[in-house]
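Participant: need coordinates for the following:
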Amino acid sequence: MAEEKELRYDPAAIEPKWQKRWADDPTLYAADPHDSGKPKYYVLEMLPYPSGQLHMGHVRNYSIGDALARHMWMRGYNVLHPMGWDAFGLPAENAALKNNTPPREWTLSNIAGMKRQFERLGMGFDWSREVTTCLPDYYRWNQWFFLRMYERGLAYRKKSKVNWCPECATVLANEQVINGRCWRHEDTIVELRDLVQWFFRITAYAQELLDGLDKLDGWPEKVRTMQRNWIGRSEGTEVDFSVEGGTEKIRVFTTRVDTIFGATSVQLAPEHALVASFTADDADLKAKVTELIDEQKKARESGDIGAIEKHGVPTGHFAINPYNGERVPIWVANYILADYGTGAIMSVPAHDERDFEFAQKYGIEVRRVIKPAGPKAEEPELPFVSEDGVLVESGEFSGLTCVQAQKKLQEIAAKKGIGEAKITFRLKDWGVSRQRYWGTPIPMIHCERDGIVPVPDEQLPVLLPEQIEITQQGGSPLGRVPEFVNVTCPKCGGPARRETDTMDTFVDSSWYFYRYTDAKNDTAPFEPAIAQYWFPIDQYIGGVEHAILHLIYSRFWTRVMRDLGLVKNDEPAQRQFSQGMVIKDGAKMSKSKGNVVSPDDMVARFGADSARMYALFAAPPDRDLDWQEDGVAGVSRFLGRVYRLTMKYAPVACGANGAAAEAPTGTSLKLLRKLHQTIAKITQDFEGRWHFNTSVAAIMELVNEIQAADAQLAASEVPAPVIRELLTSLVLLLAPFAPYLVAELWEELGGEGVVLRAPWPKSNPELAKEDEIEIPVQVNGKLVNVVRIPAGSDAEAIEAAALADEKVQARIAGKTVAKVIVVPGKTVNLVVK
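Facilitator: This is a model prediction of the structure:
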């Protein structure tokens, strides 16, 4: 009984012991200097927002990265595995409103709590590089980058229609509006407002961002597709239609200029500038246009503007087709958007589904100007939208293919000054102004004499005032702090006002991973030589929900830094991995849904190793994991088996001297074969698709096989050096998944140094090779039996073994074997008649 108690696995005793030891060794997870000469490996999980507590969804994400980091340490790499906090943001202001707690105090308190959780989970982060984005030593460099962008015309200010979240009381970027609602408040409908805002000219890099996706082979295709669609490149032509009786021109963008002879109307967005002049003296038209604007607004709010029921009104005005001089009516339509393209289209009902639907509804002429190629081609039903055709009823261009006509019509447009070839992008410039307090102050000053004046570098950072009343009314809270707002103009010395908007918090997360490489630098964002060593990130890990927001912004920021001469890489990360979600009660685990499971509870009941290992074992990392608490208990029981097995035979393993005297046979060979097959399997999993669930399953199978041979081990039928190899390798294979238990067992086995620096075990192909293999035998495609044959047998031997099998002979008795198909090492199929 005493021995049984001694061998009881007790994570509550083991884990705090090792947590303290690790905390006392600040170099344990520290990366070597960039000039160490070692090959580097930069593994990074997206930094968390310090909302208060980690949940098991976080644990899954960070366990994936931590397992990879530990594996690469054991492979001899110089590993950088840092952690920080995406610490600015709306929840801190909401907490201030709700609890009367200053945002800084609330945020730093949450960071301290979450850091304790990370440390208790045994995460191998290099805390010496910790970054907290709400502290001045970080956000001063946000301001520095803003000034550099302003100097290069990449940061600018303009009045525009912006997305406004009433709940946040601030502006949202286009990427932060999901199905017409705020990305933070899924039930809050986003409004459109006209405001003067600061923008980053991300569109200057649109083509490069698009082209770069083709080189990101290590990124999920789903992420790349989402970015391609968001960038939305369209090749076409811009053409000017003159307004009859006036000097105005309506510029339209079309990808099908070859159909322009079939344009039977021009349609404007309700908020197109020309519409205002049409409605100025026409109250009836104005009322109808207002209705269209309301319909458009409701469609935006529903999140699917493309599904809007199409309505329009004729203006009574006409436009002139520049190619044939034809007079066509000008309409206002609710499905045309002022902020998309030019806000105007030429409507060609015969060759566009949307235009056709509108024309049918309002009786607008439908004129076919494209027909299928070929003399015998039948006229298809309209609308005919294919570009595989030739022009008809198109004057001198009739008979040309669509592609030929597009080229010629573009040339004529340029020659006559009526238009030009044009490439457009769905991507819009990034609106970065936020009317909130808890963010990076925009380092600009408004002077009555000199206009907009940048804050000089030597005056950075522009500090956030710490004591401030936060409300959700009346614009930015900073505007109500005179000591912040009122400032001396650095250019003329006169009175001026600071910019009171703060930056979008996605600015903070667009470059934080560069700061990790040189986190204490107080003279620059980072030292370029250090960043050059570490970048690009070898493996970046985070949810697919960041595919458009964070990942596209960070790709833009890297290119800006490259053009500033700070980095040489074009992309921030060589490989990107999007982990699946943790699902509980049918929904993604999140604080807002009230279905979170605290890792603190799991650690208290089962230990950190069990919580981490369950997160990796329960599903492939890229798939959603359906939370089951019984699964954590099951992993805990398995780790208990590993603990008892290792402790039982540790004295034997520690007493082993040298290698086994003879080549392994019998049980020893069987166990070593399983061990080296497991080593090969797990090594391949780390190098390939990260099937950590099958890695853990393989370790479980290995433990089962060792325990099945317990009688032989206890009877000393397995030599001590073999037992030592089995247990030592088992512990090393577990090291990325269960660091606490492994540290304890490594010490019991007399391992040298910390297990993190022990070499990863290598598979011996000869030992891993099976003596015999199983070959399924089919007769006319149906499985009859499985035969065992010596590994490496040739086709002739495999055929003979199949034909000699009793079940096979019974099945083919009295029949003729017409053909024998042998796939060596795989299968045998007998074709009989």
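
Participant: look up how far residue 497 lies from residue 482.
Facilitator: Relative to residue 497, residue 482 is positioned 10 Å away (C-beta to C-beta, to the nearest Å). Backbone N, C-alpha and C define where each C-beta goes, glycine included.

Participant: these two: which is more packed in?
Facilitator: Neighbour comparison, residue 482 and residue 497: the larger count goes to residue 497, with 16 against 8 (by other C-beta atoms under 10 Å).

Participant: who does the helix or strand where that one lies touch, helix- and strand-wise?
Facilitator: Assigned by DSSP states H and E, residue 497 belongs to strand 495-498. Strand 495-498 is packed against strand 444-447, helix 482-485, strand 486-488, with contacts defined by 3 or more C-beta pairs under 8 Å, 6 or more residues apart in numbering; DSSP states H and E.

Participant: same thing but at 6 Å, please
Facilitator: If contacts are counted by 3 or more C-beta pairs under 6 Å, 6 or more residues apart in numbering; DSSP states H and E, strand 495-498 sits against strand 444-447.

Participant: name every strand pairing with the helix or strand following the strand it packs on and say which way it goes.
Facilitator: For strand 444-447, the following helix or strand on the C-terminal side (DSSP H and E) is strand 451-454. Note on strand 451-454: by DSSP bridges, its sheet partners are strand 444-447 (antiparallel).

Participant: for the partner strand, which outside residues touch it?
Facilitator: Residues from elsewhere that reach strand 444-447 (C-beta atoms under 6 Å, 6 or more residues apart in numbering): 452-453, 489, 496-499.

Participant: so which of those residues comes closest to residue 164?
Facilitator: Nearest to residue 164 among the contacts of strand 444-447, counting by C-beta to C-beta, is residue 499 at 18.7 Å.

Participant: so that closest one sits against residue 440, correct?
Facilitator: No: distance between residue 499 and residue 440: 11.0 Å, which falls outside the contact criterion (C-beta atoms under 6 Å).

Participant: between the two, which is the more surrounded one?
Facilitator: Between residue 499 and residue 440, counting by other C-beta under 10 Å, residue 440 is the more crowded of the two (28 against 21).

Participant: and the more buried one, how far is that from residue 606?
Facilitator: 41 Å.

Participant: before we move on, what about residue 375?
Facilitator: 77 Å.

Participant: residues contacting residue 824?
Facilitator: Shown in contact with residue 824 (C-beta under 6 Å, 6+ apart): residue 795.

Participant: that's a helix at residue 127, yeah?
Facilitator: No: per DSSP: H, G, I helix; E, B strand; the rest coil, residue 127 lies outside any helix segment and is strand.

Participant: what's the local residue count around it?
Facilitator: What residue 127 shows, counting by other C-beta under 10 Å, is a neighbour count of 16.

Participant: how about it: what's its closest non-neighbour residue?
Facilitator: Leaving aside its chain neighbours, residue 127 sits nearest to residue 83 (6.9 Å; criterion: C-beta to C-beta, 6 or more residues apart in numbering).

Participant: so that neighbour is in contact with residue 125, correct?
Facilitator: Yes: if you go by C-beta under 6 Å, residue 83 and residue 125 touch, sitting 4.0 Å apart.

Participant: ok, residue 77 to residue 686 distance?
Facilitator: Distance, residue 77 to residue 686, by C-beta to C-beta: 12 Å.

Participant: hang on, the earlier thing: pLDDT score for the residue nearest to residue 127?
Facilitator: If you check residue 83, the pLDDT there is 98.

Participant: the helix or strand where it lies pairs with which strands, parallel or anti?
Facilitator: Element membership of residue 83, judged by DSSP H and E, is strand 82-85. With DSSP bridges as the test, strand 82-85 is paired with strand 126-132 (parallel).

Participant: still on that earlier bit, who does the strand holding residue 497 pair with, and is each partner parallel or antiparallel?
Facilitator: Taking DSSP bridges as the criterion, strand 495-498 sits next to strand 444-447 (antiparallel), strand 486-488 (antiparallel) in its sheet.

Participant: how about the strands in the stretch 551-700 of the chain?
Facilitator: 576-577, 582-584, 587-588, 625-626 (DSSP state E, counting those that start in this stretch).

Participant: relative to residue 42, which of those is closest?
Facilitator: Shortest distance between residue 42 and the strands of the stretch 551-700 of the chain, using C-beta to C-beta, is found for strand 576-577: 12.6 Å.

Participant: SS state for the closest residue to residue 174 other than its chain neighbours?
Facilitator: Nearest residue to residue 174, sequence neighbours excluded (C-beta to C-beta, 6+ apart): residue 428, at 5.5 Å. Of the three states, residue 428 takes coil under three-state DSSP.

Participant: surely residue 428 meets residue 177?
Facilitator: No: taking contacts as C-beta under 6 Å, residue 428 lies outside contact range of residue 177: 11.4 Å.

Participant: mind listing the shared neighbours of these two?
Facilitator: Common neighbours of residue 428 and residue 177 are not found (criterion: C-beta under 6 Å, 6+ apart).

Participant: does the closest residue in space to residue 461 that isn't next to it in sequence belong to a helix or a strand, and which?
Facilitator: Residue nearest to residue 461 in three dimensions, not counting chain neighbours: residue 140, with 3.3 Å by C-beta to C-beta, 6+ apart. Per DSSP H and E: residue 140 is located in helix 136-151.

Participant: thanks a lot, catch you later.
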